[in-house]
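S.K.: all I have is the shape, not the residue letters:
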Ligand SMILES: *Cc1c(COP(=O)(O)O)cnc(C)c1O
């Protein structure tokens, strides 16, 4: 066969499988597969979205100025050192293309966010995956994996899908161990949910040098995954390069307006975090009590460990039968686990009930 031929490494990429949203024959779906936030979008963001409808013939502000100012004010950051992306996914891709490419290496943790692997491979880099300890990124391992060709290290903190967290000292140690020409990308998509006092989302390390970038998103605690808004805070030189290559109008007018309004929604983050902390614990306890191991999580999801892939698949089927969609973890090399988003109180209770029923069918069967 003739025809255009993609670069061979591109064909090694497994397309990202997004969380599913439908189950055949089930009307009421409970979607807990994409960590979208338990409360939906903030009412103010929805109103702002409606308001700009009559303006949709206008091009958006290509610099997302009002949004960057609002982000800067909210988080105490210089708006000049912020760039917005069509989701943080866009920024991950740009960083890989800007600093990676053929004959370079990108390092990530074994069970780190799969977009690093997809975007890194797309850029032409070799992506090295470093084994973890107790499903937590292993700083010494990451440092030992360094090669002269390493240009980027990606770390999600807290990590998706494991929920694990690295404290300040570990993150500082990681940065100290990397040469200055290696860009450390700290993906803090779940930063708002963290209640551990020994946590910095990355701002301290960004401010301490010229070699670290922090990524954030409106897709999780702000409940705006469908709007596609993420942002990076980084050294001026890094922000400058991203601004040269990103989509000129990458954040549409509705997304800009809604994101600004989301930041202004009174008490939104506080309520979301309080709910998440309470129900993450309740859901975890309910699963543990029926024999499902739950890995400690700092995000708005839990990684439920069923011991074997077969049992995880059985649990998944049982949940689906009740209209509950969670995320299978085969793509993360964790086929014995399911990742379950912390939903509303009712949704958490339904998950617990379904897993209780499923585990009752497993009595007498070995767990490992
Ligand atoms: C959800 C998620 C993102 C992507 O967020 P978008 O802004 O929607 O592209 C990035 N990193 C991690 C670790 C995530 O879980």
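M.R.: All right, it came through fine. Because the structure is a prediction, the values reported are computed rather than measured.

S.K.: ramachandran coordinates for the closest residue to residue 253 other than its chain neighbours?
M.R.: Excluding the flanking residues, the one nearest residue 253 by Cβ to Cβ, 6 or more residues apart in numbering is residue 60, at 4.4 Å. For glycine as for every other residue, the C-beta is placed from the backbone atoms N, C-alpha and C. Main-chain torsions, residue 60, degrees, to the nearest 10: phi -70, psi 170.

S.K.: what is the neighbour count of residue 60?
M.R.: 20 (other Cβ atoms under 10 Å).

S.K.: try the one 4 residues further on
M.R.: Residue 64 has 25 neighbours, counted by other Cβ under 10 Å.

S.K.: could you find the closest non-adjacent residue to it?
M.R.: Counting by Cβ to Cβ, 6+ apart, the residue nearest residue 64 is residue 84, at 4.3 Å.

S.K.: next one: residue 200
M.R.: Going by Cβ to Cβ, 6+ apart, residue 200 has residue 168 as its nearest residue, at 5.3 Å.

S.K.: shouldn't the one you found be in contact with residue 197?
M.R.: No. With contact defined as Cβ atoms under 8 Å, residue 168 does not count as touching residue 197 (9.6 Å).

S.K.: the two: which is more packed in?
M.R.: The residue with more neighbours, out of residue 168 and residue 197, is residue 168; 14 against 7, by other Cβ under 10 Å.

S.K.: which ones are touching that one?
M.R.: By Cβ atoms under 8 Å, 6 or more residues apart in numbering, the residues touching residue 168 are 198-200, 204.

S.K.: how close does it get to residue 359?
M.R.: According to Cβ to Cβ, to the nearest Å, residue 168 and residue 359 sit 38 Å apart.

S.K.: swap in residue 187?
M.R.: As judged by Cβ to Cβ, residue 187 and residue 359 stand 33 Å apart.

S.K.: same drill for the two, tell me which one is more crowded.
M.R.: residue 187 (30 against 21).

S.K.: beta partners for that one?
M.R.: Bridge pairing for residue 187 (DSSP bridges) gives the partners residue 156, residue 215.

S.K.: quick one, strands of this structure?
M.R.: Here the chain has its strands, by DSSP state E, at 30-31, 82-85, 105-109, 126-130, 150-156, 183-187, 212-217, 230-233, 293-295, 301-305, 324-325, 327-328, 337-341.

S.K.: residues in the stretch 1-150 of the chain within reach of the ligand, list them.
M.R.: 87-89, 113 (Cβ under 6 Å from any ligand atom).

S.K.: which of those residues tops the neighbour count?
M.R.: Of these, with other Cβ under 10 Å as the count, residue 88 tops at 27 neighbours.

S.K.: any idea how far it lies from residue 81?
M.R.: 16 Å.

S.K.: report the closest residue of the stretch 251-368 of the chain relative to the ligand.
M.R.: Nearest residue of the stretch 251-368 of the chain to the ligand (Cβ to the nearest ligand atom) works out as residue 299 at 7.7 Å.

S.K.: if I look at the nearest residue to that residue once chain neighbours are set aside, what pLDDT would I see?
M.R.: Once flanking residues are discounted, residue 299 sits nearest to residue 190: 3.9 Å by Cβ to Cβ, 6+ apart. We have a pLDDT of 98 for residue 190.

S.K.: can you check residue 158 too?
M.R.: Looking at residue 158, the pLDDT reads 98.

S.K.: neighbours of residue 27, how many?
M.R.: Neighbours of residue 27 using other Cβ under 10 Å come to 6.

S.K.: so who does the closest residue to it other than its chain neighbours touch?
M.R.: Nearest non-adjacent residue to residue 27, counting by Cβ to Cβ, 6+ apart: residue 323, 7.6 Å away. Taking Cβ under 8 Å, 6+ apart, we find residue 323 in contact with 23, 26-30.

S.K.: enumerate the residues of the stretch 151-300 of the chain near the ligand.
M.R.: 156, 160, 187, 189, 217, 219, 225, 230.

S.K.: max pairwise distance over those residues: which two?
M.R.: Longest distance between any two of those is 16.1 Å, between 156 and 225; criterion Cβ to Cβ.

S.K.: more neighbours: which of those two?
M.R.: For residue 156 versus residue 225, neighbours defined as other Cβ under 10 Å are more numerous around residue 156 (26 against 19).

S.K.: wait, that one sits on residue 191?
M.R.: No. Using Cβ under 8 Å, residue 156 is not in contact with residue 191; the gap is 10.4 Å.
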